[in-house]
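Asker: Return atomic coordinates for the entry below.
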Amino acid sequence: MVNGNANKLCLTLTLSVCFCVATALAFASTPATEPQPNHWDAGMITSLKRYHSTDQNESVASQFVLEPYLEWSQSHNRNWTLSGRIRGDAQDQFLPGEPDFHSYSSASRPYATDRYWVFELRDAYLELELDSSQLKLGKQQIVWGALDGIKVLDVLNPQSFEEFILDDFGSSRIGLWSIYLDTTIAGWRTELALIPDTTVHYIPPRDARFALTAPRFQFGNQDPANSMDTVRIGPDDQEGTVGVRVSRYLGGLDLQLVAVSGLDFEPYAQTPGEADLPVQPGDTPFLVLSNSRREVYGFAAQTSLSQAVIRLEASYIDDRTFNLRTPTTLSHEKLDQWRAAVGFDINGPLDTFINVQYLYDHVKDAPDTLTRPETEQILTTFIRRTFAYETLKYELRYYASLEDKDAMLSNRFEYQVNESMLLRLAFDYFRGTRKGSFGQFDTRDQISITWQWTL
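Answerer: As a prediction, this is how the structure comes out:
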């Protein structure tokens, strides 16, 4: 068994020393006479979105989204990036009322009005380019892992599930206040991440359009109509995350080794008694949500074969906390988990890009009362084809659970009207039983239309 605390301490000390040295070098690397180009790139991405439920035959969302951004090249090796997002929904069904963002740390929490509007800082970081290194300081996304949408090694940033997994992962991934260093040590590319931000996954409330109602997301509760209110502990009282990734190209193989110690973004539930929270007579029954720590160790390998690219990722998670449930009790236990996935990228006929992935996820020595399946197998397919000199694009995404026998199918058609205007039409379908990850949304089929332009 790996000693998690010792590894976390080792990683923290290593990162701290490297960051201090790199920061000092970075700010000393630009002479006073260095020319200052002061190049600016600023704009605003504006979107109008309309969602229509094909099951209820009614409009379910009318969203207006503003995404301002600013990129400033202060010098040849010093760049600033700033971006935000303002969202309004006239029908207020995706996040009804005043959203509760307590899964975010206080430093990253979006601001929401009582209805319609959510204001969020997406990126705010300084990027410093050294002779052989890169240092990024601030609110950012750090993406590790080469697989598309399967999070085996992409574990440094949490995700918002407001639209389940229908939104682009670049939009749904939550940026964190972080320090990131990319350098070379002994011939290996070495990436170090120190993340004091304690934000975890955003799970939409139970009255939201894409509320997670399957038993595995309700801590084993089989009846969503009888789900209990929840109270969250933290995350500000938790410690952050540290991680290291080393990679090298060896004999035609791109090899990566990863180690991460930090918050588990998925919460587990406790009774108020377990969490030492007082319960007053007459209080509505509730559960307490907490986020434990996890140690993730893994590797990734990638190689090319003729017209295909083969990707492999695997991870081992030591002592992860899982909920157990019987008809009368709710408890939790630390269990080991390992995950492995393989993906194939193929350049098919007629310039069609095809991606196929398979994930095997297993909880070791899991008891029968585990609230999630002991073993999960997920199959994904992504197909993209462009037409008319890339002004027209079609994308298909298919996700299927081989255990639950349920699936999700998403079709997108895009038309690039000109350099600043884009039209998108999407069809999203879910099939399966209510107990499945995808089947829980069997009545959430929808059509959406997006008009997007850049100012």
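
Asker: give me the number of residues near G97?
Answerer: Burial measure for G97: 12 neighbouring residues, criterion other Cβ atoms under 10 Å. From N, CA and C alone the C-beta is placed, and that goes for glycine too.

Asker: Which of the helices or strands spans it?
Answerer: Here G97 is covered by no helix or strand, with elements defined by DSSP states H and E.

Asker: what does I179 give?
Answerer: Taking DSSP H and E as the definition, one finds I179 inside strand 176-185.

Asker: other SSEs contacting that strand?
Answerer: For strand 176-185, the helices and strands in contact under the criterion 3 or more Cβ pairs under 8 Å, 6 or more residues apart in numbering; DSSP states H and E are helix 4-28, strand 134-140, strand 188-195.

Asker: Lowest average pLDDT across the ones you listed?
Answerer: For the helices and strands packed on strand 176-185, the stretch scoring lowest in mean pLDDT is helix 4-28; its value is a mean of 45.

Asker: Would you mark the buried spots in stretch 131-140?
Answerer: Of the residues in stretch 131-140, those scored as buried under the neighbour-count criterion (16 or more other Cβ atoms under 10 Å) are 133-140.

Asker: For the residues you listed, work out which two are farthest apart.
Answerer: Between any two of these, the greatest separation by Cβ to Cβ is 20.6 Å, found for S133 and K139.

Asker: Could you double-check that R444 sits in contact with F430?
Answerer: Yes. The pair R444 / F430 is scored as a contact, 5.8 Å apart, by Cβ atoms under 8 Å.

Asker: Can you pick out the residue with more neighbours from these two?
Answerer: Just comparing R444 and F430: by other Cβ under 10 Å the higher neighbour count belongs to F430, 24 against 21.

Asker: mind listing what's buried in the host helix or strand of that one?
Answerer: When elements are assigned from DSSP H and E, F430 belongs to strand 421-431. Going by neighbour count (16+ other Cβ under 10 Å), the buried part of strand 421-431 is 422, 424, 426, 428-431.

Asker: Now for those residues: which two are most distant?
Answerer: Greatest spatial distance in the buried residues of strand 421-431: L422 and R431, 29.2 Å, computed using Cβ to Cβ.

Asker: and the residue lying closest to T184 once chain neighbours are set aside, how far is that from I185?
Answerer: Counting by Cβ to Cβ, 6 or more residues apart in numbering, the nearest residue to T184 once its immediate chain neighbours are dropped is S132, at 5.6 Å. According to Cβ to Cβ, to the nearest Å, S132 stands 10 Å off from I185.

Asker: Who are the contact partners of the closest residue to S420 other than its chain neighbours?
Answerer: Nearest residue to S420 in three dimensions, chain neighbours excluded: T454, at 4.5 Å (Cβ to Cβ, 6+ apart). When the contact criterion is Cβ atoms under 8 Å, 6 or more residues apart in numbering, the partners of T454 are 43-46, 419-421.

Asker: Right, I'll leave it there.
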